[in-house]
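Novice: Okay, structure incoming, though there's no sequence with it:
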């Protein structure tokens, strides 16, 4: 069983992300629990929390996955930014706990010139800090694979292994694999042979059991570009085959697979990308599935 979904806007309240996901034909949903480009977060209204929880049950959208603020950089060597990032990450965990969201995806961040080893150590330290301050929280942090742009860590499987290996609370941390980022970082998923080689490498270095969610995005640039630019499914340099292989991979059954592909103000692009994915799963003509989705 594969749970397909997409990132949805929370404009008008976090519960609206669930309603939008239902309209688009999603099984699961990803959302921000706050404005992703501001440090200050509006408190969650109890009525809004209740609406969010009840709408998930009503619409059958589960699980919900939260994505952390883009401002958070727990790999930063700057003491003020590191401290502020830890506080913001803790607040994100609290909001997820209140909403009943089981997973919080975060970018591991940029070492800002301090070096990969230093950045990795800081990520592990920050995650331990926020998790140990919340021993009863059920939310699991998911470290997202990165494209390797700039001075970010997380674009090599060894980075993920080393973060987890340096933690005291590593049992409360998983991985979110982004197909665009992995490809941009130099891991080739385009054929059955290379897909299996990458998955075997990931399993050996990190462990497939650590994967708790996936971001399904094609890539605007070619293999190893180290540029984070998402494209619609099948329209980028990845093409359709990697998504067919992922959707057929029994090791990934039951995991939320979430689109972060470009979109306008309506849900048309999400519906079409979901239709493409379902055509790959159902072995049905793409145009017939697309027609049903309209």
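Specialist: Right, received. Where do you want to start? Keep in mind it's a predicted model, so treat the numbers as computed, not measured.
Novice: Only C-alpha atoms from now on, for both contacts and neighbour counts.
Specialist: Fine.
Novice: May I have the beta-bridge partners of residue 175?
Specialist: residue 143, residue 211 (DSSP bridges).
Novice: Quick check, it in contact with residue 209.
Specialist: No: assessed by CA atoms under 8 Å, residue 175 is found out of contact with residue 209, at 9.1 Å.
Novice: So which of the two has more stuff around it?
Specialist: residue 175 (24 against 11; other CA atoms under 10 Å).
Novice: Give me the residues contacting stretch 100-115.
Specialist: 53, 63-70, 72-77, 92-93, 96, 118-120, 123, 138-146, 150-154, 176 (CA atoms under 8 Å, 6 or more residues apart in numbering).
Novice: Can you select the buried ones among those for me in ChimeraX?
Specialist: The ChimeraX command for the buried members of the contacts of stretch 100-115 (criterion: 16 or more other CA atoms under 10 Å) is given here:
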select :53,63,64,65,66,67,68,69,72,73,74,75,76,77,92,93,96,118,119,120,123,138,139,140,141,142,143,144,145,146,151,152,153,154,176
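Novice: In helices only, show me the contacts of stretch 100-115.
Specialist: Judged by DSSP state H, helices contain the following of those: 53, 92, 93, 96, 118, 119, 120, 123.
Novice: got the contact list for the first one?
Specialist: It stands for residue 53. Here residue 53 is in contact with 15, 99, 100 (CA under 8 Å, 6+ apart).
Novice: Tell me how far it lies from residue 98.
Specialist: According to CA to CA, to the nearest Å, residue 53 stands 10 Å off from residue 98.
Novice: repeat for residue 237
Specialist: Counting by CA to CA, the gap from residue 237 to residue 98 is 40 Å.
Novice: Next: residue 200.
Specialist: 37 Å.
Novice: again with residue 276
Specialist: Relative to residue 98, and taking CA to CA, residue 276 is found at 34 Å.
Novice: Check residue 264 too.
Specialist: In this view, residue 264 and residue 98 are 30 Å apart by CA to CA.
Novice: again with residue 139
Specialist: Using CA to CA, residue 139 is found at 10 Å from residue 98.
Novice: Of residue 276 and residue 98, which one has the most company?
Specialist: residue 276 (24 against 16).
Novice: Quick check: buried residues in the strand or helix carrying the more buried one?
Specialist: Residue 276 is part of helix 268-282 when elements are defined by DSSP states H and E. Within helix 268-282, the residues that count as buried by 16+ other CA under 10 Å are 269-281.
Novice: and of the residues you listed, the nearest to residue 41?
Specialist: Using CA to CA, residue 270 is the member of those that lies nearest residue 41, at 27.4 Å.
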